[in-house]
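>>> need coordinates for the below:
(chains A and B)
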2 protein chains.
Amino acid sequence: MTENTTHRTPRHTTRIVLAERPYGAPTAATFRTEDAELPAPADGELLVGHRYVSLDPYMRGRMSAGKSYAAPTPVGDVLPAETVSEVLESRHPDFAPGQLVVAYGGWQSAAVVPGAHARAVPENGLPASTALGVLGMPGFTAYAGLAEIGRVRAGETLVVAAAAGPVGATVGQLARAAGARAVGVAGGPEKCAYLIDELGFDAAVDHRSRDFAARLAAACPDGVDVYWENVGGRVLEAVLPLMNLYGRLPVCGLVSQYNADGGAEGPDRLPGLMRTVLNRSLTIRGFIQTEFRARHWDAFQREMAALVGDGTVKFREDVVDGLGNAPQAFIGLLEGRNHGKLLIRV
Amino acid sequence: MTENTTHRTPRHTTRIVLAERPYGAPTAATFRTEDAELPAPADGELLVGHRYVSLDPYMRGRMSAGKSYAAPTPVGDVLPAETVSEVLESRHPDFAPGQLVVAYGGWQSAAVVPGAHARAVPENGLPASTALGVLGMPGFTAYAGLAEIGRVRAGETLVVAAAAGPVGATVGQLARAAGARAVGVAGGPEKCAYLIDELGFDAAVDHRSRDFAARLAAACPDGVDVYWENVGGRVLEAVLPLMNLYGRLPVCGLVSQYNADGGAEGPDRLPGLMRTVLNRSLTIRGFIQTEFRARHWDAFQREMAALVGDGTVKFREDVVDGLGNAPQAFIGLLEGRNHGKLLIRV
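Prediction:
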């Protein structure tokens, strides 16, 4: 009798581990696929089988050893990710087999997770996958960052970078719903058309265009009151001269820098930034959405489900089938090749 | 009968005008001394004779044509300044001859000013000159910037640049009064000794020392929660790696950059700043004290007079006699050669 046959549920997992730390952009060599047997869940734990694995830019930070807002993933460990998963075995009183939960299940097909860190996929009439997107971490990032930092008001202008991504798209639509002018920055004409035609942005500017700064200025005739930073680099540089007095810059991500290693070449743009901060009384505020969970999560679930339900906020998912495609999908995410919330369907 | 003899009060003024815009640091050629006769005050105006003219770093911004938070001084105009002045003639119901007022009287010996923009020097038992310093704009800058942005709490660490100046010295002492650790950065051993021995700072670091960054780190064993930016440049660079989660950086001045023209040489420190802002959830907030006048001025006058009166907050004035010495004194101010609030005694 082998170990496997003593269990009634499948405890096998196919998982993707960090094979080596990437220097610059991740490559195929960054990742390694392994098969493993999971232990039986202990008291308080769940065995879950994943349906969707969420891929998000913040994961690039986990792959490096440098100081970031979370500890790096050790080499050889499963890469971290939120998942929508089915409970297969439960040793936690709040969960039963068959139930769908959001868990930190990682880049794999199944996992044993603490029940205390899982939450039921809400029953809001929306697809379960939205619990990883517009109703999950990216949507909450947009909602809480606007509530706490952006505070965009009717008549103001908001510029959002990576506007076709799940955070940026939600930021722009929430700004529109608040009565503000929403200007999206995205890569390529297709994404820009999507922002205007499908999401109702007031303007969209292609950051690949040669006269990007001039186009951005033309799209913001009354200046910029909120710049939502997802990207870093030249978008920030182009938007700074446009900032109005008391402008707010929530710093949510810096995806253009995640693959950067070492020092950046000059000229030094720091003095110019600080002068603008002083002269325009700007607020620059970095944040991670977990900071605002306790204060805003429940209202977010309620309000965002209503806004998505009545069509005020639209969303798009970019679903890739098969865990084996996760590395390439993630590499593409850092290059802006996804279109909408990137999910791996297991 | 000459024009002069028709008036009972002396309307002569000796004034210093902007002779030419400085490129880089101001020089003697930036300034020109003139004599002029003032008009009779119109309805609502005051003729005032100055006792003290306040010299402050922000004036460097007014000398340039570039975009700043206030309009530049036209070439040929009197340089702007707050003054403590005696009312000589009043055509405003709130003021009477002989009264001391704070006015925007400029770099000169007398002026005609709107009564609506003047305020009585408060009767708080302190010298009238303090209305330009610890009880005036610099003191209020410290008080309001801490109340609104720094929000330093007991047990936290605050680092302040230009700590021997009137804003920095007050910031550090208010932080100490709030139960925080106050670390001052200043130029030279004399100023550093003053911060510790006279003002009660917990530590002081000489930014001219070769191992400045290491000394600053050693002075902040628990990291930095508030960095008060008066200076720009290498102090910011040294403090950034020390910033704690949710740290606050009030940006009050950038005196090291005021004389800079054109681009700064690389490497580009902007990406590193933005990464730290994101990873540590920092807040960088530029401000000009006028933003907070309505909300905090009255409480500031009351509380700061009490704190100065009981010795909790000490102050030092650097009084230079004679308007003719104002240009050299101002040039020295931008180089950090003053020691305490710089005032010209007329």
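>>> state the number of residues packed around residue A:130.
22 (other Cβ atoms under 10 Å in any protein chain shown). Any C-beta I mention is one placed from the backbone N, CA and C, and that applies to glycine too.
>>> can I assume residue A:338 is in contact with residue A:317?
No. Assessed by Cβ atoms under 8 Å, residue A:338 is found out of contact with residue A:317, at 9.7 Å.
>>> between those two, which one's more packed in?
Legend: neighbour count by other Cβ under 10 Å for residue A:338 and residue A:317, higher for residue A:338 (22 against 19).
>>> list the contacts for that one?
By Cβ atoms under 8 Å, 6 or more residues apart in numbering or on different chains, residue A:338 lies in contact with A:165, A:318, A:329, A:332.
>>> most surrounded residue in those residues?
residue A:165 (29 neighbours).
>>> and the residue of chain A nearest chain B?
residue A:266 (1.4 Å; Cβ to the nearest Cβ).
>>> circling back: ok, which pair from the contacts of residue A:338 is furthest apart?
The span of those, defined through Cβ to Cβ, is set by A:165 and A:329 at 13.8 Å.
>>> got any ranges where the stretch 201-346 of chain A has weak pLDDT?
Scanning the stretch 201-346 of chain A for pLDDT under 70 picks out A:258-263.
>>> which bits of it sit near chain B?
A:229, A:232-233, A:236, A:246, A:251-254, A:257, A:260, A:263-288, A:291 (Cβ under 8 Å from any Cβ of the partner chain).
>>> list buried residues within those.
A:229, A:232-233, A:236, A:251-254, A:257, A:260, A:264, A:268-288, A:291 (16 or more other Cβ atoms under 10 Å in any protein chain shown).
>>> in helices, which of those residues fall?
A:236, A:270, A:271, A:272, A:273, A:274, A:275, A:276, A:277, A:278, A:279, A:280 (DSSP state H).
>>> what ranges does chain A have for its helices?
Under DSSP H, chain A gives helices at A:59-63, A:137-145, A:166-177, A:189-197, A:212-219, A:234-239, A:270-280, A:293-309, A:326-334.
>>> in the third one, what counts as buried?
Of the residues in helix A:166-177, those buried under the neighbour-count criterion (16+ other Cβ under 10 Å) are A:166, A:167, A:168, A:169, A:170, A:171, A:172, A:173, A:174, A:175, A:176.
>>> check the fourth one too.
Residues of helix A:189-197 classed as buried by neighbour count (16+ other Cβ under 10 Å): A:191, A:192, A:194, A:195.
>>> mind checking pLDDT for the residue lying closest to the first one once chain neighbours are set aside?
Going back to what we said before, that points to residue A:191. Among residues not flanking residue A:191 along the chain, residue A:164 sits closest, at 4.1 Å (Cβ to Cβ, 6 or more residues apart in numbering or on different chains). For residue A:164, the model assigns a pLDDT of 93.
>>> check contacts around residue A:224.
A:157, A:158, A:159, A:183, A:239, A:242, A:243, A:244, A:247.
>>> residue A:248 pairs with what?
residue A:226, residue A:283 (DSSP bridges).
>>> ok, it to residue A:282 distance?
Counting by Cβ to Cβ, to the nearest Å, the separation of residue A:248 from residue A:282 is 7 Å.
>>> residue A:71 too?
31 Å.
>>> do residue A:78 as well
If you go by Cβ to Cβ, the gap between residue A:78 and residue A:282 works out to 40 Å.
>>> ok, residue A:308 next?
32 Å.
>>> just to revisit the earlier point, just name the closest of the buried residues of helix A:166-177 to residue B:135, please.
residue A:175 (42.8 Å).
>>> spit out the contact partners of that closest one.
So residue A:175 contacts A:146, A:150, A:152, A:158, A:160, A:181, A:182, A:226 (Cβ under 8 Å, 6+ apart).
>>> farthest pair in these?
A:146 and A:181 (14.4 Å).
>>> pretty sure the residue of chain A closest to chain B sits against residue B:266.
Yes. Residue A:266 lies in contact with residue B:266 (Cβ under 8 Å); the separation is 1.4 Å.
>>> not counting its neighbours along the chain, what's nearest residue A:75?
In space, residue A:75 is closest to residue A:18, 5.4 Å off (Cβ to Cβ, 6+ apart).
>>> the one you found bridge partners, please.
In beta-bridge terms (that is, DSSP bridges), residue A:18 pairs with residue A:31.
>>> contacts only, for it.
Contacts of residue A:18 (Cβ under 8 Å, 6+ apart): A:30, A:31, A:32, A:63, A:73, A:74, A:75, A:76, A:77, A:79.
>>> check the residues you listed for burial and list the buried ones.
A:30, A:31, A:63, A:73, A:79.
>>> contacting residues for the residue nearest to the fourth one when sequence neighbours are not counted?
Excluding the flanking residues, the one nearest residue A:73 by Cβ to Cβ, 6+ apart is residue A:62, at 4.6 Å. Residues touching residue A:62, when contacts are defined by Cβ under 8 Å, 6+ apart, comprise A:68, A:70, A:71, A:72, A:73, A:79, A:80.
>>> neighbour-wise, which one of these leads?
That'd be residue A:79 among these, by other Cβ under 10 Å, with 22 neighbours.
>>> can I assume that residue is in contact with residue A:104?
No. Judged on Cβ under 8 Å, residue A:79 makes no contact with residue A:104 at a distance of 11.1 Å.
>>> please work out how many residues are found near residue A:35.
Residue A:35: 10 neighbours (other Cβ under 10 Å).
>>> could you check the pLDDT of it?
On the pLDDT scale, residue A:35 gets 94.
>>> residue A:244: what's it in contact with?
A:157, A:222, A:223, A:224, A:225, A:280.
>>> could you dump those into CSV and include distance to residue B:114?
As requested, these are arranged in CSV below (distance: Cβ to Cβ, whole Å):
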residue, distance to residue B:114
A:157, 35
A:222, 32
A:223, 31
A:224, 35
A:225, 32
A:280, 28
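>>> residue A:12 reaches residue A:47, doesn't it?
No. Residue A:12 lies out of contact with residue A:47 (Cβ under 8 Å); the separation is 10.9 Å.
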